[in-house]
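>>> Would you be able to build a 3D model of this:
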Amino acid sequence: MTFKPSFFDRALLAIAPTLGIRRLHARAVAEQLLRAFDGASHDRRLSGWITTGASANSENYGAIDRLRNRARDLDRNNKLVASARAQFAGRVVGTGITPRAVDPRKSLRKIANDAWKRFVETCDPEGQQDYYGMQNLAAGTMFRDGEVLRVWTKDEDGNSDGKIMLREADFLDSSRETFGMAAKDDKIVIQGVEFNKIGARTGYWLYPVHPGELIGVTPNRLMRGISNWVDAQDVDHIYQVLRPGQIRGASWLAPSITALRGLDDVNEAIIWRKRIEACIGLVIRTPEAQGAAPILGPQKTDSKGRIEETLSPGKLLRTGPGEDVTPFQPSTSGDTLDFIRSQLFAFSASIGVPYFAVTGDPSQANYSSQRAAIVSGNVLIDVVQWLVFAPRERRAWRRVMLREAILKRDHRIAEVGCELAMPVRPWVDPLKEIMAKVMEIRAGLQAQPDALAERGVNWEEVVAEIDGFLGALDSTSSKVVLDTDPRRINHAGALQILQGALGGADAANN
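You can find the predicted model right below:
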């Protein structure tokens, strides 16, 4: 790019030489910076690249609704997208992100864990799912829609009733806007979310009925278009924040919607091509001098009077003299499968789910590549688990403990904290995984209670259950010895002497 003074530069030099020189110097520096960064240049390669400096909310405004609807259409009709959503939810939540009570007082830990178990079983007002089923549904909905709302309901007295309801993003009234002007009580409303003057969320404007619901579902049609204010303390807005100040979430499919839609067209074209390849086409040429030839079988003519005959799958018989028959078949494309795979590899990388898990095709992976794909995907899954869901689950624990403290009139219950156990991640080779976990525990890199918590179980319950089983085993008259009893059999299968018997022998020797 060559720097040339403009007409204004030359005019400014004639009128105010000092200012003109400063302007030329600034322009020269700017041109040099553009040359240093190819991505900021204005050459023909990037001249058509239209960009914007809009905020995250300005970019989302008017776009997230269409993205959400298109993502839902893909989820309904594209089997790969449906598989990706299920795999994503299974890896983020699985059968549940489970909390475990943390408190030095054992009695309070038991009370807290029991209260949480009751909540898990009774939190759905419809009685269709438990809490962990709603967790999984929330993760899948966030993946497809970009966000989901978890609303805590109250009883007639305005107190928490220990129930939650999941609401799709459609329930959020995006038309509620103050457009930067202070509303009543110095509140600002942006895309249905209300903030106070210091930027803290104070409420959500939610429709009582899904805007896309059938009219017959609610008797009062007028209520369908009126949104109600809900305290922000009673709403968990679950979405991933990708930019500072982002208020709403965009579908995880947003970067891939265009490509996935194009792959649908490619797949449909492949299906039609395969149908055509399965057919046999014949071109019959008749010399003009021979005149019309007799035809056996069904026939019809096109707009130009040419005879069209079918071959499905019977025979085509022409008896005209001098006729020449040439079969034809459409050519196949050899790189279509590689193209589709490359697109799906990129899609899988963007959502943290391995290609073979999305497609069910392990033919392109061995042990090492599968493990590498899982490890790299777990980086994204960890972010969602610990930075998106974990804060909401700790908040849910605090709400349940506070309600239990009020019911039992014991403020100490509200002080009980929790640790979160993420779902177990099965590896390609479970034996290697277990051996690696044993080495971590023996090396002191992880406590055994934490390892058990990763599997969604409480170590105190596990120890009590094992102790009861081994006690029952020792009390049997047959004195059954199992290979899985580490007190009697070591890891190599050799018989060990119980510690009590060993101590008795030492005493006898002394």
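
>>> residue closest to the middle of the chain?
Phe143 (3.6 Å; CA atoms, centre = their mean).

>>> Was I right to think it contacts Ala250?
No - with contact defined as CB atoms under 8 Å, Phe143 does not reach Ala250; the gap is 11.4 Å. C-beta: built from backbone N, CA, C; applies to glycine.

>>> that older thread, name the helix or strand for the residue nearest to the centre of the chain, please.
Taking DSSP states H and E as the definition, one finds Phe143 inside helix 131-145.

>>> can you list contacts of the helix or strand just after that helix?
Using DSSP H and E, the helix or strand that directly follows helix 131-145 along the chain is strand 148-154. Contact with strand 148-154 is made by 125, 134, 138, 141-142, 160-161, 163-169, 171-172, 204, 206, 230, 234-239, 392, 399, as judged by CB atoms under 8 Å, 6 or more residues apart in numbering.

>>> Wait, a helix at Pro445?
Not Pro; residue 445 is Leu. No - applying DSSP: H, G, I helix; E, B strand; the rest coil, one finds Leu445 to be coil, outside a helix.

>>> Need the pLDDT of the residue nearest to Gly245 when sequence neighbours are not counted.
In this structure, Gly245 finds its nearest non-sequential neighbour in Ala56, 6.0 Å apart by CB to CB, 6 or more residues apart in numbering. At Ala56, the model reports a pLDDT of 92.

>>> For Ala56, list the residues it contacts.
242-247.

>>> Could you double-check that Ser251 lies in contact with Ile64?
Yes - at 7.4 Å, Ser251 counts as touching Ile64 under the criterion of CB under 8 Å.

>>> Give the residues shared as contacts by those two.
In contact with both Ser251 and Ile64: Gly146, using CB under 8 Å, 6+ apart.

>>> between these two, which one's more packed in?
Neighbours per residue, other CB atoms under 10 Å: of Ser251 and Ile64, the larger number sits with Ser251, 26 against 23.

>>> What is the three-state secondary structure of the more buried one?
Ser251 ends up coil, using three-state DSSP.

>>> Let the chain start at 59 from now.
With 59 as the first residue, the last one maps to Ser309.

>>> can you tell me which residues contact it?
122, 125-126, 129, 201-204, 315.

>>> Contacts only, for Arg225.
206-209, 264.

>>> Could you list the domains of this protein?
When the chain is parsed with automatic domain parsing, its domains come out as 65-109, 116-315.

>>> ok, the longest strand along the chain: who's next to it in the sheet?
Scanning the chain for the longest strand, with DSSP state E as the assignment, gives strand 218-226. The strands beside strand 218-226 in its sheet (DSSP bridges) come out as strand 206-212 (antiparallel).

>>> Low-confidence ranges, the stretch 409-558 of the chain, go.
Flagging of the stretch 409-558 of the chain using pLDDT under 70 yields the residue ranges 514, 534-537, 549-558.

>>> mind running it again at 90?
Scanning the stretch 409-558 of the chain for pLDDT under 90 picks out the ranges 418-436, 479, 481-496, 504-558.

>>> In it, what residue spans correspond to strands?
With strands called from DSSP state E, counting those that start in this stretch, the stretch 409-558 of the chain shows them at 475-479.

>>> for the stretch 109-258 of the chain, same thing?
156-160, 206-212, 218-226, 246-248, 251-253.

>>> quick one, the longest one and helix 189-203 angle?
Angle between the axes of strand 218-226 and helix 189-203 is 30 degrees (criterion: axes from the mean of the first three to the mean of the last three CA atoms, to 10 degrees).

>>> Could you tell me the average pLDDT over strand 218-226, please?
95.

>>> how deep is the closest residue to Val474 other than its chain neighbours tucked in, by neighbour count?
Leaving out its chain neighbours, the residue that sits closest to Val474 by CB to CB, 6+ apart is Ala170, at 4.2 Å. Residues contacting Ala170 under the criterion other CB under 10 Å number 28.

>>> Quick check: Ala170 touching Arg163?
No - contact between Ala170 and Arg163 fails when scored by CB under 8 Å: they sit 9.8 Å apart.

>>> related to what we said a few turns ago, of the contacts of Ser309, closest to Asp532?
Lowest distance from Asp532 to the contacts of Ser309 (CB to CB) belongs to Phe201, with 50.0 Å.

>>> sorry, back to before: quick one: buried ones out of the contacts of strand 206-212?
192, 196, 199-200, 218, 221-222, 224-227, 229-230, 262, 264, 288, 292-297, 450, 457 (16 or more other CB atoms under 10 Å).

>>> about what we covered before: next, find the distance separating the residue nearest to Val474 from Asn516.
11 Å (CB to CB, to the nearest Å).

>>> So which residues of the stretch 409-558 of the chain form helices?
413-417, 425-442, 448-466, 488-500, 506-512, 517-533, 557-567 (DSSP state H, counting those that start in this stretch).

>>> quick one, which of these is packed in tightest?
Compared across the helices of the stretch 409-558 of the chain, helix 413-417 shows the largest average neighbour count, a mean of 21 (mean count of other CB atoms under 10 Å).

>>> tell me how far that helix is from the chain's mean position?
14 Å (CA atoms, centre = their mean, to the nearest Å).

>>> What is it packed up against?
Packed against helix 413-417 by the contact rule (3 or more CB pairs under 8 Å, 6 or more residues apart in numbering; DSSP states H and E) you find helix 137-150, helix 394-409, helix 425-442.

>>> hang on, the earlier thing: compare the domains of the chain and report which one is nearest to Lys495.
Across the domains of the chain, closest to Lys495 is domain 116-315 (CB to CB), at 17.6 Å.
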